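Peer 1: Next come a sequence and a model predicted from it.
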Amino acid sequence: MATRVLSGIKPSSDSLHLGNYFGAVKQHIKLQEKYEAYFFIADLHALTTVHNKKQLETNILDIALDYLALGLNPEKTIFFRQSDVPAHPYLAIILNNLVPLGLLKRAHAYKDKLNRGETDQSINAGLFFYPVLMTADILLYQPKYVPVGEDQVQHIEIMRDIAAKFNHTYGQTFVLPEALLPSKQEARLIGTDGQKKMSKSIGNVISIFADEATIKKQIMSCFTDPNRIHPTDPGRVEGNPVFVYHDLINQNKKEVKELKARYRQGQVGDVEVKQKLFQAFMTYFEKPRRLRRELYQNKDKVKKILASGAVKASKTAQKTLIQVINRVGL
Ligand code: TYM
């Protein structure tokens, strides 16, 4: 049997950003050439934050368009919507009974909310049980690898704990899947604020498919070296988000090398470095952006791709679910 990979993206906003791309989607596109791949839109997970029907529907379609435009090949890959496969929440309900609350209380997403001043009154149970649904997402397909960015590693560890607990309780059922991460810089892409990882909820993003004016604004407002006041001051390149992005996106390596050297010597202003980044960005994503405009004209095709993906995904998921149902005595 071919080695299998699986991953998902939550449609909690209407456009993928550079962090999603370098942390996850770029890998997914590459891996589909070599492995049997399952990629899905985690729309049930988006319900933790999106409580508006229109918004959710728009986000789902947008993320599907983004994914396809970036190179996901539905001929090779099983591409589907999580909510089209009811086995996901079904397995999650079963697994809930094997998970100590303490394990979920240690989950970063939950702890971060508490640290930001939220309470058990404002945090919904969906967010709390998020790692269990994610466990079900993965175990149903028995992938060898789960290609994700670093922020998902704890979820993968929780998934492995739950799978091991299931095996221990009911007999060997699941082989434990592993996280697959890209390079360190890509696995936790820094945000435009230069502080935290790039994240939809913080808003420190560069969106891949926004209009040019928005992207320009996102790039031009990027933080650089906070200690550099004048363009004639020597600047720091390492960890500087603008250069992190140049390294990943700018295909003109000679230009990047020269910009870095001039920056270190105080011979180039931030504006020029950012303008060059904007140009490099537009070149790097030129084809996907064009492809997305074309796909947008043909939304029915996208819906058909997801529908046919759901049929194939359901077959695999159902097999595992039946095995689980038999094991637990339902
Ligand atoms: P989500 O939608 O937040 O992010 C999708 C993918 O993008 C990666 N990512 C990043 N990588 C590097 N740097 C960043 N700044 C950055 N921001 C986001 C994420 O690590 C992720 O790989 N819980 C998941 C969705 C999910 C899932 C699954 C994934 C649901 N079920 C099963 C794998 C397997 C999430 O919210 O990803």
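Peer 2: Good, I have the coordinates. What you see is a predicted model, and the numbers here were worked out from it, not measured in a lab. Residues are numbered from 1 along each chain as shown.
Peer 1: what's near enough to touch the residue sitting furthest away from the middle of the chain?
Peer 2: Note on the chain: the largest C-alpha distance from the chain mean falls to T232, namely 38.5 Å (CA atoms, centre = their mean). By CB atoms under 8 Å, 6 or more residues apart in numbering, T232 lies in contact with 266-267. (Each C-beta comes from the backbone N, C-alpha and C, glycine too.)
Peer 1: Tell me the buried residues in stretch 120-131?
Peer 2: For stretch 120-131, a neighbour-count test (16 or more other CB atoms under 10 Å) marks 127-131 as buried.
Peer 1: scratch that, stretch 280-292
Peer 2: In stretch 280-292, counting by 16+ other CB under 10 Å, buried: 280-281, 284-285, 288-289, 292.
Peer 1: one step back: list the ones among the buried residues of stretch 120-131 that fall in helices.
Peer 2: Judged by DSSP state H, these include 127-128, 130-131 as members of helices.
Peer 1: wait, which of those residues is closest to the ligand?
Peer 2: Closest approach to the ligand among those (CB to the nearest ligand atom): Y130, at 7.0 Å.
Peer 1: so what's that closest one up against?
Peer 2: 45, 48, 107, 109, 155.
Peer 1: I'd guessed I158 sits against T135; true?
Peer 2: Yes - with contacts counted by CB atoms under 8 Å, I158 reaches T135, the gap being 6.7 Å.
Peer 1: So which of the two has more stuff around it?
Peer 2: Neighbours per residue, other CB atoms under 10 Å: of I158 and T135, the larger number sits with T135, 28 against 20.
Peer 1: my guess is that one contacts E157, does it?
Peer 2: No - using CB under 8 Å, T135 is not in contact with E157, being 10.5 Å away.
Peer 1: thinking again about what came up before, so which of the contacts of Y130 reach the ligand?
Peer 2: The residues of the contacts of Y130 that also fall near the ligand, by CB under 6 Å from any ligand atom, are 45, 155.
Peer 1: got any ranges where this structure has weak pLDDT?
Peer 2: Applying pLDDT under 70 to the chain flags the ranges 1.
Peer 1: Next to the ligand in this structure, residues from it, please.
Peer 2: Counting by CB under 6 Å from any ligand atom, the chain sits next to the ligand at 7-10, 19-20, 23-24, 42, 45, 134, 137-138, 146, 148-149, 151-152, 155, 187-189, 197-199.
Peer 1: go with 5 Å
Peer 2: 7-10, 19-20, 23-24, 42, 45, 134, 137, 148-149, 151-152, 189, 197-198 (CB under 5 Å from any ligand atom).
Peer 1: List the contacts of the residue in the stretch 101-250 of the chain positioned nearest to the ligand.
Peer 2: Nearest to the ligand in the stretch 101-250 of the chain, going by CB to the nearest ligand atom, is G149, at a distance of 2.3 Å. By CB under 8 Å, 6+ apart, the contact list for G149 reads 19-20, 23-24, 181-182, 186-189.
Peer 1: Now do the helices in the stretch 151-300 of the chain.
Peer 2: Secondary structure of the stretch 151-300 of the chain by DSSP state H, counting those that start in this stretch: the helices cover 153-170, 184-187, 212-220, 241-249, 253-264, 270-284, 286-296, 299-328.
Peer 1: most tightly surrounded among those helices?
Peer 2: helix 241-249 (a mean of 21; mean count of other CB atoms under 10 Å).
Peer 1: That one - contacts with which helices or strands?
Peer 2: helix 184-187, helix 253-264, helix 270-284 (3 or more CB pairs under 8 Å, 6 or more residues apart in numbering; DSSP states H and E).
Peer 1: how big is the angle separating that helix from helix 270-284?
Peer 2: Angle of helix 241-249 versus helix 270-284, following axes from the mean of the first three to the mean of the last three CA atoms, to 10 degrees, is 30 degrees.
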